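# Fold the following for me, if possible:
(one chain, ligands or ions: 1)
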Amino acid sequence: MTGKDPIYLPYGRQLIDEDDIQAVAEVLRGDWLTTGPMVKKFEDRLRDVTGSCYALSCSSGTAALHLACMALGIGAGDRVIVPAISFVATANAPLFCGADVLFSDIDPASGLMRAQDIRDLMANLSPDEMRSIKAVIPVNLLGEVAEIEEIAAIANEQGWKIIIDSCHALGSIYRDRQGGSHLVGDCHFADMEVFSFHPVKTIAMGEGGAVTCNDRDVYDRLALLRNHGLERNPQNLRVAPETPAPWYYEMQLLGYNYRQSDIHAALGFSQLGKLSSFIEKRHLLTAKYDRLFGGLSDHIRPVPAVPGCRATRHLYVVLIDFPALGIPRHDFVGRLAARNIGSQVHYIPIHTQPFYVDKYGPLSRPGAEDYYARALSLPLHVSMSEDDVACVVAQISDIVRGQA
Ligand SMILES: Cc1ncc(COP(=O)(O)O)c(C=O)c1O
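Here you go, the predicted structure:
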């Protein structure tokens, strides 16, 4: 893209090559369309790239969150801590199970939930509310890693389970306090991690998600829940006939159809093969943005990298003081769109959504509200060039200098 190019640059999109199309076409010519050998291949590769013992793919990131909550046995009367800044699915999943959520505030500079935010939340809870907390869901927002070790320390002390929402963070790496290196998804500090493969994420599957974990029992439970709670393995049948018939199955849990299809898995498997190059490209584009935004304007600051984390950024977010610039955000977005540049806001604080205001009343989470007031996601996807980044920043520079 150049400044004169009429081609619209969206804030996010997939990159599908001919070999991805071939991989899907091959499945379409074969015998398995629903869950089959490609799903297994995808899961094996995902396990390898996350460093987890088990990976279970499913129909979406939302399904993955729901499966993870169900696998922990979260239900009515339980509460789960979630950050006020995330996609709504993070908060909705515990509600699907009949539980309630407690919204933690976040760091207005990064959008991430910190250990201190959880401590502040706990300080205002009654003993009954404290007793009802079963889990916490930190979100690795934008691909950066939350204060996961510190949050895990609180969770372990309190006896809570941890599901990390890593929907943005496939390919990110971080160091723990001992200097050990961890791949996002290795579940070193969590019971489970969840991923989304929606087209704007690091790899695209159309729709798709996954849960990683290191515990065989958790994995088996996830697998049952993904497929209607149906068990076919003769060794695991509860009321087994003496010689189980080949058609025999038992419904052991109330599960769902959250299965992944081989069609989607073929695309996901092909895309995972390019993960290293996708990661490198995202690093390159992010570094270019960071360099070009340095010193551009005191009123525009990129969300900084978390120390010790080499993030594969899913989103490139700048925090803009719109009142100080004298340009309201909707105007700024409109001026970018007029220059063929897409942008988006991630996210509206979940506690301010009408559904949650009706449910829990008006809540104040100042860090989240401050972050939301300033956040703007700029184009970041692997089909972009470094020149596209330079063009986006040049156009923003023009807008800031009043030339729009
Ligand atoms: C942080 C986060 N969690 C969960 C989800 C849900 O994923 P999916 O759209 O695959 O259901 C998303 C997707 O946008 C997300 O960004």
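
# Minimum distance to the ligand, which residue of the stretch 51-200 of the chain gives it?
Nearest residue of the stretch 51-200 of the chain to the ligand: Gly61, at 2.4 Å (C-beta to the nearest ligand atom). Heads up, the C-betas are built off the backbone N, CA and C, glycines and all.

# Can you verify my assumption that that residue contacts Val194?
Yes: using C-beta atoms under 8 Å, Gly61 is in contact with Val194, at 6.1 Å.

# intersection of neighbour lists for those two?
Asp165, Cys167, Gly209 (C-beta atoms under 8 Å, 6 or more residues apart in numbering).

# need the contact list for Pro37.
Contacts of Pro37 by C-beta under 8 Å, 6+ apart are Asp262.

# So between Gly61 and Val194, which is more surrounded?
Using other C-beta atoms under 10 Å as the criterion, Gly61 and Val194 rank with Val194 on top: 32 against 27.

# domain ranges for this protein?
Under the assignment named as automatic domain parsing, the residue ranges that make up the domains of the chain are 18-272, 275-400.

# quick check, Leu112 in a strand?
No: read with DSSP: H, G, I helix; E, B strand; the rest coil, Leu112 is coil and lies in no strand.

# What about it, how many residues nearby?
Counted by other C-beta under 10 Å, the residues lying close to Leu112 total 25.

# Surely it is in contact with Ile106?
Yes: here Leu112 lies in contact with Ile106, judged by C-beta under 8 Å, at a distance of 6.0 Å.

# Can you pull the residues that touch both of these two?
In contact with both Leu112 and Ile106: Pro83, using C-beta under 8 Å, 6+ apart.

# how about Tyr11, what does it touch?
Val200, Leu315, Gly342, Ser343, Gln344, Ser377, Leu378, Pro379, Leu380 are the contacts of Tyr11 under C-beta under 8 Å, 6+ apart.

# near the ligand, which residues of the stretch 101-250 of the chain show up?
Taking C-beta under 6 Å from any ligand atom as the contact definition, the stretch 101-250 of the chain meets the ligand at Val139, Asp165, Cys167, His168, Ser196, His198, Gly209.

# Can you spell out which residues form a bridge with Pro83?
The partner list for Pro83 in beta bridges (DSSP bridges) reads Ser104.

# try Gly209
On the basis of DSSP bridges, Gly209 is bridged to Cys58, Ser196.

# Quick one: the helices in the stretch 151-300 of the chain, in order.
216-226, 262-272, 275-293 (DSSP state H, counting those that start in this stretch).

# could you dump those to a markdown table with mean pLDDT and mean neighbour count?
Below are the helices of the stretch 151-300 of the chain laid out as a markdown table (pLDDT from 0 to 100; neighbours: other C-beta atoms under 10 Å):
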| stretch | mean pLDDT | mean neighbour count |
| --- | --- | --- |
| helix 216-226 | 98 | 20 |
| helix 262-272 | 98 | 25 |
| helix 275-293 | 97 | 17 |
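
# those strands in the stretch 101-250 of the chain, which residues are they?
133-136, 161-165, 173-175, 181-183, 192-196, 209-213, 230-231, 250-251 (DSSP state E, counting those that start in this stretch).

# Let's have the ones you listed in a markdown table, adding mean pLDDT and distance to Leu102.
Output for those, formatted as a markdown table (pLDDT from 0 to 100; distance: least, C-beta to C-beta, whole Å):
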| stretch | mean pLDDT | distance to Leu102 |
| --- | --- | --- |
| strand 133-136 | 98 | 7 |
| strand 161-165 | 98 | 14 |
| strand 173-175 | 98 | 25 |
| strand 181-183 | 98 | 27 |
| strand 192-196 | 98 | 19 |
| strand 209-213 | 98 | 22 |
| strand 230-231 | 96 | 34 |
| strand 250-251 | 94 | 33 |
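
# need the residues of the stretch 251-400 of the chain near the ligand, please.
Neighbours of the ligand within the stretch 251-400 of the chain, by C-beta under 6 Å from any ligand atom: none found.
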